[in-house]
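Student: show me the folded form of this:
(chains A, B and C)
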Amino acid sequence: MPELPEVETTRQGIAPFILGKTVSRVTIRQPSLRWPVPSELPERLPRHKLKTLKRRGKYLLLGFRHGTLIMHLGMSGSLRVLPANTPPEKHDHFDLVFGRQCLRLRDPRRFGAVLWTTDPVEQHPLIASLGPEPLSESFTGRHLFNRSRNRKVTVKQFIMDGKTVVGVGNIYANEALYQAGILPTRPCGGISAARYERLAQAVKEILARAIKSGGTTLQDFTQADGKPGYFAQELQVYGRQGEACPGCGAAIRHIVIGQRSSYYCRHCQR
DNA sequence: ACAGTAACCTGTTTGC
DNA sequence: TGCAAACAGGTTACTG
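Tutor: Okay, here's the model as predicted:
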């Protein structure tokens, strides 16, 4: 479900309710997520104040004086702030309670994660090898060009790899390649620096616009207040197999690349 | 180091 | 209508 815009939307939505607040209780209902939820959290977190709430790629980082809680929403996760006495529903696996309010993780497919580290979080194995933030200055066309030389994977797989750049999932990879006019199947090692410049620009624009729209709701993504995101209406190619390309009117095509659905226009992308 | 595939899990949609 | 297969926004782990 959530790509970078959805995670950022979530971060912004929950921050005002939990930043600076003190944890009163932790409830683990389902410890079996992507990795086991650390069983010591209910002893370790209460009485500690949440000092920072950051995002790195699609990871949310909840900073405490004595460590960092790392959360990931996987394919189907969502976080909401609710009154602490709200009865949990079927897939509500984890609660971080702050007095009368509670941060609740719901994740039907359980590909999400809740982890704890006392080391500097940037050294955590899941975080340390990540590429640059797409909305930062260190993410450039030159970076894409340099990293892709002598590689053969398709450009779509290349930009979806978190070691290349973080936060570009399947939806926005399709959209960025369309906007940049690049065929998703093209081997990444043969694309020119000028075209990578266009692609980096497209990634930045699309992610920034999606964040402003509150993310993309396809089936069940909700912002922290329970409202859907509105970027789905602005998707040019994703999920539009057979529809007319907004640029030239040709039918949008659908293929599978690396087991992920891919959509493109054969005329506007080359 | 790279490329390709399977794996984790549940819910919904599609096809016979 | 019923049932099974296919598919879904992510990422790691394993194989060659």
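
Student: phi and psi next, for the residue in the stretch 51-200 of chain A that DNA strand C sits nearest to.
Tutor: Nearest residue of the stretch 51-200 of chain A to DNA strand C (C-beta to the nearest atom of the strand) works out as A:Gly169 at 1.9 Å. Where C-beta positions appear, they are placed from N, C-alpha and C, glycine not excepted. Torsion angles at A:Gly169 (phi, psi; degrees, to the nearest 10) stand at phi -90, psi -170.

Student: assess the claim that it and A:Met160 are in contact.
Tutor: Yes - between A:Gly169 and A:Met160 there is a contact at 6.7 Å, judged by C-beta atoms under 8 Å.

Student: mind listing what the residue nearest to A:Val166 when sequence neighbours are not counted touches?
Tutor: Once flanking residues are discounted, A:Val166 sits nearest to A:Gly57: 3.1 Å by C-beta to C-beta, 6 or more residues apart in numbering. For A:Gly57, the contact set (C-beta atoms under 8 Å, 6 or more residues apart in numbering) comprises A:Leu4, A:Ile127, A:Leu130, A:Glu133, A:Gly162, A:Val166, A:Gly167.

Student: roughly how far does A:Gly57 sit from A:Val165?
Tutor: Separation of A:Gly57 from A:Val165 (C-beta to C-beta, to the nearest Å): 9 Å.

Student: now do A:Arg56
Tutor: Taking C-beta to C-beta as the measure, A:Arg56 falls 12 Å from A:Val165.

Student: now swap in A:Arg186 and tell me
Tutor: 17 Å.

Student: higher neighbour count, those two?
Tutor: A:Val165 (25 against 17; other C-beta atoms under 10 Å).

Student: who in chain A is up against DNA strand C?
Tutor: Within chain A, the positions near DNA strand C by C-beta under 7 Å from any atom of the strand are A:1-3, A:6, A:34, A:57-58, A:72, A:74-76, A:109, A:111, A:126, A:160, A:162, A:169-171, A:216-221, A:260-261.

Student: what does chain A put close to DNA strand B?
Tutor: By C-beta under 7 Å from any atom of the strand, the residues of chain A that approach DNA strand B are A:32, A:34, A:76, A:90-91, A:108-111, A:150-153, A:189, A:219, A:258-259.

Student: ok, now with 6 Å
Tutor: Residues of chain A lying near DNA strand B by C-beta under 6 Å from any atom of the strand: A:Lys90, A:Pro108, A:Arg109, A:Arg110, A:Phe111, A:Arg151, A:Lys152, A:Val153, A:Gly258.

Student: which helix or which strand is home to A:Leu177?
Tutor: Assigned by DSSP states H and E, A:Leu177 belongs to helix A:170-180.

Student: skip ahead from that helix and say which helix or strand is next.
Tutor: Once the chain leaves helix A:170-180, the next helix or strand it forms, by DSSP H and E, is helix A:193-212.

Student: mean confidence for that next one?
Tutor: If you average the pLDDT over helix A:193-212, you get 97.

Student: for the closest residue to A:Leu53 other than its chain neighbours, report the pLDDT, please.
Tutor: Excluding the flanking residues, the one nearest A:Leu53 by C-beta to C-beta, 6+ apart is A:Ala15, at 5.1 Å. Looking at A:Ala15, its pLDDT stands at 96.

Student: I appreciate the help and will end here.
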